[in-house]
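In: Got a predicted model here, sequence first, then my questions.
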Amino acid sequence: MLIPCLSNAKDKGGRTALVEYGNDGNYIATHWLPTKDDARGAADAKFADGYGYDARVLPRKNALLTSSFTGLNNYMRDFGKLTADPEAMKHFGGTMVMWDFHTRQPKKVFQVPGAPLEIRWAWGDKHNYAFTATALGSKLWLRLRGRSRRMAGKEIAPIGDVKGGVLPVDISLSADDKTLFVDCFGDGKCRVFDVSDPQKPKQIYEKHIGQAGQHGVAELGRETALFHQLAPGELGQERRRQRAVPPRLHLGRQRAEAGVRSRFHRAETGSTASHAFWLDETWRTSHHCREQLM
């Protein structure tokens, strides 16, 4: 079990790590994200900031991709007060890291301005790419493995046209890799993109599904619970109701639950991809890793 963390207990800043546990809950190792001062062998460490958030694996390519957000100090602040603090706004991640999944070795740091959050690898067995959305930049980004077998990334589309951005916090990709759902904390809307051509996404629908965010920055992260289910006729899919259920991982908070749930019901979205893994357990007992990471 590999848990991506958000902060650390020493200074409660953004420097963090991946923490590895065995199936019986025993601590195995801590894998710190690279920084400029401690590249850990990663290329392009000049961009490295040591921040973390999501971690997603494409097993058939031995690829682990991580994203970045902010540390505990920022995470627990009121969002309005946070955005009004220029110094605090400097302490957000702007990178993604590609790792060797088997060795847990960081290989390359990518610059992705604006706090990239959720990562979604494509499901198709020949689709070697992943999407992410930047919370502060309100942009969709693509990570694509080309013919050279190297991962490259680029900004591919804006999310919304609202001044100041819409704070996209969760994304879900349909099982056929053609439709991307983006939940936005800033205006309470779910935006739907046609990503049949992953390099040229087109917004095809949007629906208001909840109240715009009025709480702390913590609501932008793992505790955001935007469940949505669009009517089948609204997307022209008479027989296949699309459903997006965001993964959730709560760590180190009262009544915390460690549960990763990212299921696409077979009856609704087709057969399971070859790399579709999920953990469906509830672990309510308080555990702290040796590094005291959040």
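Out: All right, it came through fine.

In: quick one: low-confidence parts of this structure?
Out: By pLDDT under 70, the low-scoring segments of the chain are 146-149, 212-294.

In: which one is the residue nearest to the spatial centre of it nearest to, not counting chain neighbours?
Out: Geometric centre of the chain, nearest residue: E118, 1.6 Å, by CA atoms, centre = their mean. Leaving aside its chain neighbours, E118 sits nearest to I171 (5.0 Å; criterion: CB to CB, 6 or more residues apart in numbering). Placement of C-beta: from N, CA and C, glycine included.

In: Which strands or helices does the helix or strand hosting that neighbour pack on?
Out: Assigned by DSSP states H and E, I171 belongs to strand 168-173. The helices and strands touching strand 168-173, judged by 3 or more CB pairs under 8 Å, 6 or more residues apart in numbering; DSSP states H and E, are strand 116-121, strand 129-134, strand 179-184.

In: Out of those strands, the one nearest Y21 is which?
Out: strand 116-121 (20.6 Å; CB to CB).

In: Can you list the strands that that closest one pairs with?
Out: strand 129-134 (antiparallel) (DSSP bridges).

In: The partner strand versus strand 168-173: what angle between them?
Out: 160 degrees (axes from the mean of the first three to the mean of the last three CA atoms, to 10 degrees).

In: Next, the buried residues of strand 129-134.
Out: With burial defined by 16 or more other CB atoms under 10 Å, the residues of strand 129-134 counted as buried are Y129, A130, F131, T132, A133, T134.

In: Dump that strand to PDB, keeping only the CA atoms.
Out: Output in PDB follows, covering the C-alpha atoms of strand 129-134 (Å, rounded to 0.1, in the frame of the first residue of the first chain):
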ATOM      1  CA  TYR A 129      -1.300   9.200 -21.300                       C
ATOM      2  CA  ALA A 130      -2.700  10.800 -18.200                       C
ATOM      3  CA  PHE A 131      -4.800  13.900 -17.400                       C
ATOM      4  CA  THR A 132      -4.600  16.300 -14.600                       C
ATOM      5  CA  ALA A 133      -6.200  19.600 -13.700                       C
ATOM      6  CA  THR A 134      -4.500  22.600 -11.900                       C
END
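
In: Pull the distance from it to the chain's centre.
Out: 8 Å (CA atoms, centre = their mean, to the nearest Å).

In: likewise stretch 75-93?
Out: Centroid displacement of stretch 75-93 relative to its chain, using CA atoms, centre = their mean, is 19 Å.

In: rewinding a little: want to try a markdown table for the buried residues of strand 129-134, with distance to L144 as columns?
Out: Conversion of these to a markdown table gives the following (distance: CB to CB, whole Å):
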| residue | distance to L144 |
| --- | --- |
| Y129 | 4 |
| A130 | 8 |
| F131 | 10 |
| T132 | 12 |
| A133 | 16 |
| T134 | 17 |
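
In: In these, find the pair that's most separated.
Out: Y129 and T134 (16.8 Å).

In: List the contacts of the residue nearest to E118.
Out: If you count contacts by CB atoms under 8 Å, 6 or more residues apart in numbering, I171 has them with E118, R120, F131, T132, A133, L180, F181, V182, D183.

In: Report the beta-bridge partners for it.
Out: In beta-bridge terms (that is, DSSP bridges), I171 pairs with V182.

In: State the distance from it to R191.
Out: The spacing between I171 and R191, counted by CB to CB, to the nearest Å, is 10 Å.

In: Between those two, which contacts overlap?
Out: Residues touching both I171 and R191 by CB under 8 Å, 6+ apart: F181, V182.

In: gap between Q105 and I204?
Out: Distance of Q105 to I204, given as CB to CB: 40 Å.

In: I meant E118, not that one.
Out: With distances taken as CB to CB, E118 is found 20 Å from I204.

In: which SSE is the nearest residue to F69 once chain neighbours are set aside in?
Out: On the basis of CB to CB, 6+ apart, the spatially nearest residue to F69 that is not a chain neighbour turns out to be Y53, at 4.0 Å. For Y53, there is no host helix or strand (DSSP H and E).
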